[in-house]
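Colleague: take a look and give me a structure for this.
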Amino acid sequence: MKRFLIVTFVLALALTACASQTQDSAAPVLKVSDGNVEKTYTVDDLKALAESQADFKGVTYVGVQLTALLEDAGIDSSALTVVKAVASDGFTANYESALYSREDTLVAYATVDGPLGEEDGSFRMVLPDQEGKLNPRNVVEIIAIP
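Modeller: Take a look at the predicted model:
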């Protein structure tokens with residue numbers, strides 16, 4: 001009987017550990033890297049940073065300034081030549097300093113009306129007054145290039 005209880009307890013612990021790992025891996029993440037530093041963020045992680053807003057095509061987006069995100073990841077944005085946003089489908093958009101350092105360049109995680117729509121994914125770039133291809137949806141990675 002004692003052996004049965006021990007085996008049951010160990011099995012319950014193993015199942016609990018597996019369940020929590022599955023739950024954590026299901027949360028969408030954004031990877032930020034520069035070749036030396038790599039950090040991942042969830043929507044909740046971005047919400048914990050300073051919030052900013054920017055308008056694009058009549059929608060007000062809520063997110064984090066790109067330079068603030070880079071700084072939080074330990075990346076010096078003043079030492080970069082290009083920042084690349086990578087979407088889940090492989091599409092990339094490259095931003096030179098004049099674009100990535102703007103105060104209204106955001107990594108958005110919501111709109112003022114609520115979460116991003118399904119077509120936007122969990123994260124999207126927002127660069128007001130720029131053409132659509134510079135505002136990719138479903139962003140999964142930000143790569144800083146010195």
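Colleague: any idea how far residue 63 is from the residue most central in space within the chain?
Modeller: Central residue check for the chain by Cα atoms, centre = their mean: the C-alpha nearest the mean position is that of residue 30, 3.1 Å away. In this structure, residue 30 and residue 63 are 11 Å apart, going by Cβ to Cβ, to the nearest Å. Just so you know, the C-beta spots here come from the backbone N, C-alpha and C atoms, and that holds for glycine as well.
Colleague: shared neighbours, the two?
Modeller: Taking Cβ atoms under 8 Å, 6 or more residues apart in numbering as the contact rule, residue 30 and residue 63 both touch 46, 107, 123.
Colleague: by neighbour count, which of the residues you listed wins?
Modeller: In terms of neighbour count, residue 123 stands highest of the shared contacts of residue 30 and residue 63 at 29 neighbours, by other Cβ atoms under 10 Å.
Colleague: got the contact list for it?
Modeller: The contact partners of residue 123, taken as Cβ under 8 Å, 6+ apart, are 28, 30, 43, 46, 63, 107-109, 116, 138-140.
Colleague: in terms of pLDDT, where does it sit?
Modeller: Residue 123 is assigned a predicted lDDT (pLDDT) of 98.
Colleague: ramachandran coordinates for the nearest residue to it once chain neighbours are set aside?
Modeller: Closest residue in space to residue 123, ignoring its immediate chain neighbours: residue 139 at 4.4 Å, by Cβ to Cβ, 6 or more residues apart in numbering. Summarising the backbone geometry of residue 139 under the convention degrees, to the nearest 10, its torsions are phi -70, psi 130.
Colleague: ok, residue 139 - contacts?
Modeller: By Cβ under 8 Å, 6+ apart, the contact set of residue 139 is 30, 85-88, 107, 121, 123-125.
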